[in-house]
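> Build me a model from this:
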Amino acid sequence: MHERLLKMIEFGDAFIALPGGFDTLEEIFQIVSWAQLNIHQKPIGVLNVNGFFDSLLSFLDHAVEQKFITQSA
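Predicted structure coming up:
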């Protein structure tokens, strides 16, 4: 997986997560973590088809409110 993400960083202009399973979640959070570490500065997004990511986005909002992560993350 690590090699695949490195290729995505090397050749991609942005990152967008489509609805998926554990691998999708792992990849999107790895990309976000690498952005925090300044490994890349590329846009990151999720395609929230039929509210698929609503619960995840609510959880992330809650984590920001509780000051576990920052809004800029």
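
> What segments of this protein are strands?
15-17, 44-46 (DSSP state E).

> who does the first one pair up with?
Sheet pairing here is set by DSSP bridges, and for strand 15-17 it gives strand 44-46 (parallel).

> Show me which parts of the partner strand are buried, residue by residue.
residue 46 (16 or more other C-beta atoms under 10 Å). For every residue, glycine as well, the C-beta is placed using N, CA and C.

> Please tabulate the strands of the chain in CSV and include mean pLDDT and distance to residue 3 as additional columns.
Formatted as CSV, the strands of the chain follow (pLDDT from 0 to 100; distance: least, C-beta to C-beta, whole Å):
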stretch, mean pLDDT, distance to residue 3
strand 15-17, 95, 16
strand 44-46, 95, 20
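
> These into JSON lines, with extra columns for distance to residue 7?
Below are those laid out as JSON lines (distance: least, C-beta to C-beta, whole Å):
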{"stretch": "strand 15-17", "distance to residue 7": "12"}
{"stretch": "strand 44-46", "distance to residue 7": "16"}
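
> To residue 71, which of these lies closest?
For the strands of the chain, proximity to residue 71 was assessed by C-beta to C-beta; strand 44-46 is nearest, at 13.7 Å.

> With adjacent residues omitted, what lies nearest to the most centrally placed residue in the chain?
Closest to where the C-alpha atoms of the chain average out (C-alpha atoms, centre = their mean) is residue 28, at 3.2 Å. Nearest non-adjacent residue to residue 28, counting by C-beta to C-beta, 6 or more residues apart in numbering: residue 17, 4.3 Å away.

> Distance check, the one you found against residue 65.
22 Å (C-beta to C-beta, to the nearest Å).

> Between these two, which has more neighbouring residues?
Taking other C-beta atoms under 10 Å, residue 17 and residue 65 do not tie; residue 17 has more neighbours (20 against 10).

> re the thing from before, tell me how far the residue nearest to residue 28 lies from residue 67.
When residue 17 is compared with residue 67 (using C-beta to C-beta), they lie 25 Å apart.

> Many thanks, we can stop here.
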